[in-house]
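Visitor: Pasted the sequence and its predicted model underneath.
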Amino acid sequence: MADIQDLGIAGIRGGIDNGEFTAVEVAETFIERVSAAKPLNAFLVETPDHALNAAKAADEAKAKGETLSKMAGVPIGMKDLFCTEGVLTTAASGILDGFTPQYESTVSANLFAAGAGMLGKLNMDQFAMGSSNETSAFGNVISPWRAKDSNKDLVAGGSSGGSSAAVSVQLCPAATGTDTGGSIRQPAAFTGITGFKPTYGRCSRWGVIAFASSLDQAGPMAKDVRDCATMLESMAGFDSKDSTSLDLPVPEWEAQLDSNLAGKRVGIPKEYTMDGIDEQILKSWEQGKVWLKDAGAEIVDISLPHTKYALPAYYIIAPAEASSNLARYDGVRYGQRDLPDGAGLQDMYAATREAGFGDEVKRRIMIGTYVLSAGYYDAYFTQAQKVRTLIAQDFENAWSQCDVILAPTTPTAAFSPGEQSDNPIAMYLNDVFAVPASLAGLPAMSVPAAVTEEGLPLGLQIIGKALDEQSVFNAGLALEERAGFVAKPEQWW
Amino acid sequence: MSVDKETVQKIANLSRIAITDEECEHLVPELNQILGWVEQLGEVDCSDVEPMTAVIPNKLRLRDDEVTDGDKRDKVLANAPVAEHGFFAVPKVIE
């Protein structure tokens, strides 16, 4: 029997179901691992009782001979962007320090209804703004991975960096993430795990602290493709409380997994071969084509001509939406208040926001405010929205030639904290391959594909048509089966 | 288009974020670097292109205009930095 800590969702569910171990044993195993991994700074809050209560419920259901629900007894990590009733939720920002939601986000409620327990709240980039988890007000997440023969810390990616670090080193079998412009896929690639961003609208945004509402989507981060499919089934679904929620049934992605890609066409976008990509990334991309061909797919060259404009368009649209969404942090209704002596209301707003927001958040609010201000709105914001239309059309055109797209997830492997934080644009470039699918609202996933000569994981990305998560899962599974990725970080803490 | 110190102060004020002179000095080149970079969008021909407002076609739903929620005053106020007499409390705004 495998050690409990090595198991994913399917393994845990199966083991509880056939009596190999109890759900309480599972919860205790992971609770202990979480509390022994403090140097990684992956968890902001630990909630062992929540995980244990869900485990007891699963064991009772099993004892009564009931059919176990999809996530019964699976203890997961929850990104701190999800509001959790009665549990501190800060989005890793000082301005929300002390905020205890009085309600449960729809996605976390769905997961709990499916039987999952929660081990705790996961660190992240502040308000999900960042690609290296260096903008958290509560300290960097440190990746469990290190390059061969090196003691240097590495980043776990961002913004879902706590989630990626925790899953990659088996502090939890799976975790929630959110992806606005790559925040599930890039950290998954950096840590050798699997991360899935569904079509925009599949998962309710209700109770997810808003960053850029036209882009934000929740998704699973797990050990493998099958676990991602299972977990997404539990997260997704129509929610009348989110006006952009899609009123569609949730498909049975797990049951329909099929890595035989005969008759499928895989597009290779020529614009994704750009300057500054690591040679080893290009090599793994080539290898990915060979694997998908081996799975029966036909490889076709495609063009997404507006690719180079995706990132600048994103860095207008996302900050614009953020500046509007983050206007709610005013020191009146929740979170921190900074009231200098004798200050009036306006001074209180300005002092509260000065003290509570981190530098990257302030930078993005100010960029957003500027591009939305009178005289600049059309030149910046409207133009970016038009370019977004063109980027979505690029994908629409590509679907006449292919069913899914294969691309790298990131232009490099993980880097060290501080290496890119001085230059915002260098940091933004981490998401150059991830952002186009976000702007078009398309499902996309990262699958661990290779390790570099330095021993660090690399991911490959599959992008699919809107609502066709199944093809993305299936192509991801074909990659996973052939990549045989087994590398694990060595424990150094 | 580039921003100067005065513009950055104005943006900070519109954003309701207090900044010191020193922070303003730093922000001018930072914001200009980002704005200079996003300006490449200007070279894309967007005549006859509609700006995208919804990424996945979706109709806004209407529901009956009736109360579906309520009676949650204490929950609403639970996280307020200062609450008094069942209200959010703020510094005096009218003399």
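Guide: Everything's here; your move. Numbers count the residues shown, from 1 in each chain, chains lettered A, B, ... in the order given.
Visitor: dump the residue contacts of the residue positioned nearest the centre of chain B.
Guide: By CA atoms, centre = their mean, the mean C-alpha position of chain B lies nearest to B:S15, the distance being 6.9 Å. Neighbour list for B:S15: A:S323, A:R353, A:K362, A:I365, A:M366, A:T369 [criterion: CB atoms under 8 Å, 6 or more residues apart in numbering or on different chains]. For every residue, glycine as well, the C-beta is placed using N, CA and C.
Visitor: Need the nearest residue in space to the fifth one, chain neighbours excluded.
Guide: So the one you mean is A:M366. Spatial nearest neighbour of A:M366, excluding adjacent residues (CB to CB, 6 or more residues apart in numbering or on different chains): B:I11 at 5.0 Å.
Visitor: The third one too?
Guide: Counting by CB to CB, 6+ apart, B:I17 is the residue found nearest to A:K362 once chain neighbours are left out, at 5.6 Å.
Visitor: so which strand or helix has that neighbour?
Guide: Using DSSP states H and E, B:I17 sits in no helix or strand.
Visitor: got a pLDDT number for the residue nearest to the spatial centre of chain A?
Guide: In chain A, the centroid-proximal residue (CA atoms, centre = their mean) is A:I184; its distance is 2.1 Å. Looking at A:I184, its pLDDT is 98.
Visitor: Check the spacing between it and A:S204 real quick.
Guide: Between A:I184 and A:S204 the computed distance is 16 Å (CB to CB, to the nearest Å).
Visitor: got it, and A:E104?
Guide: Per CB to CB, A:E104 is found 11 Å from A:S204.
Visitor: which one of those two has more residues nearby?
Guide: Shown here are A:E104 and A:S204; by other CB atoms under 10 Å in any protein chain shown, A:S204 has more neighbours (24 against 20).
Visitor: residue ranges of the strands in the stretch 1-150 of chain A, please?
Guide: For the stretch 1-150 of chain A, the strands defined by DSSP state E, counting those that start in this stretch cover A:43-46, A:75-79, A:117-122.
Visitor: Tell me who's in contact with the residue nearest to A:D153 when sequence neighbours are not counted.
Guide: Nearest residue to A:D153 in three dimensions, chain neighbours excluded: A:I142, at 5.1 Å (CB to CB, 6+ apart). A:I142 sits next to A:P39, A:L40, A:N41, A:D153, A:L154, A:V155, A:A156, A:A165, A:P417 when contact means CB under 8 Å, 6+ apart.
Visitor: I'd say the second one and A:P144 touch.
Guide: Yes: the pair A:L40 and A:P144 passes the contact test of CB atoms under 8 Å, sitting 6.1 Å apart.
Visitor: now A:P75, which residues is it bridged with?
Guide: Counting by DSSP bridges, A:P75 forms beta bridges with A:G117.
Visitor: And the helix or strand of chain A with the lowest mean pLDDT, what does it pack against?
Guide: Scoring the helices and strands of chain A by mean pLDDT, DSSP states H and E places helix A:424-428 at the bottom, with a mean of 86. Using 3 or more CB pairs under 8 Å, 6 or more residues apart in numbering or on different chains; DSSP states H and E as the contact test, the elements touching helix A:424-428 are helix B:21-38.
Visitor: and the helix or strand A:I391 falls within, is it in reach of chain B?
Guide: Taking DSSP H and E as the definition, one finds A:I391 inside helix A:383-398. Yes: counting by CB under 8 Å from any CB of the partner chain, contacts between helix A:383-398 and chain B involve A:Q383, A:A384, A:Q385, A:K386, A:V387, A:R388, A:T389, A:L390, A:A392.
Visitor: Contacts only, for the closest residue to the first one other than its chain neighbours.
Guide: The reference is to A:Q383. Closest residue to A:Q383 apart from its sequence neighbours, by CB to CB, 6+ apart: B:L41 at 5.3 Å. B:L41 sits next to A:Y309, A:P312, A:A313, A:I316, A:Y380, A:Q383, A:A384, A:V387 when contact means CB under 8 Å, 6+ apart.
Visitor: Quick check: B:L41 is in a helix.
Guide: Yes: under DSSP: H, G, I helix; E, B strand; the rest coil, B:L41 falls within a helix.
Visitor: and A:N397, how far is that from chain B?
Guide: Distance, A:N397 to chain B, using CB to the nearest CB, to the nearest Å: 14 Å.
Visitor: so what's that residue up against?
Guide: Not one residue lies near A:N397 by CB under 8 Å, 6+ apart.
Visitor: quick one: pLDDT of it?
Guide: Note on A:N397: pLDDT of 98.
Visitor: Give me the distance between the two termini of stretch A:229-242.
Guide: Using CA to CA, to the nearest Å, the end-to-end distance of stretch A:229-242 comes out at 22 Å.
Visitor: Show me what counts as buried in it.
Guide: By 16 or more other CB atoms under 10 Å in any protein chain shown, the buried positions in stretch A:229-242 come out as A:A229, A:T230, A:M231, A:L232, A:E233, A:S234, A:M235, A:A236, A:G237, A:D239, A:D242.
Visitor: Of the residues you listed, which is the nearest to chain B?
Guide: Of all those, chain B sits closest to A:D242, with 10.4 Å by CB to the nearest CB.
Visitor: Let me know whether that closest one touches A:W206 as I believe.
Guide: Yes: at 4.7 Å, A:D242 counts as touching A:W206 under the criterion of CB under 8 Å.
Visitor: Which residues are in contact with each of these two?
Guide: Residues within reach of A:D242 and of A:W206 at once, by CB under 8 Å, 6+ apart, are A:T106.
Visitor: circling back: so the residue nearest to A:M366 belongs to a helix, correct?
Guide: Yes: applying three-state DSSP, one finds B:I11 inside a helix.
Visitor: Pull the contacting residues for it.
Guide: B:I11 sits next to A:M366, A:T369, A:Y370, A:S373, B:V3, B:L31 when contact means CB under 8 Å, 6+ apart.
Visitor: Those residues in helices, which ones?
Guide: Among the contacts of B:I11, the ones falling in helices (DSSP state H) are A:M366, A:T369, A:Y370, B:L31.
Visitor: What count of nearby residues applies to the third one?
Guide: By other CB under 10 Å, the residues close to A:Y370 number 27.
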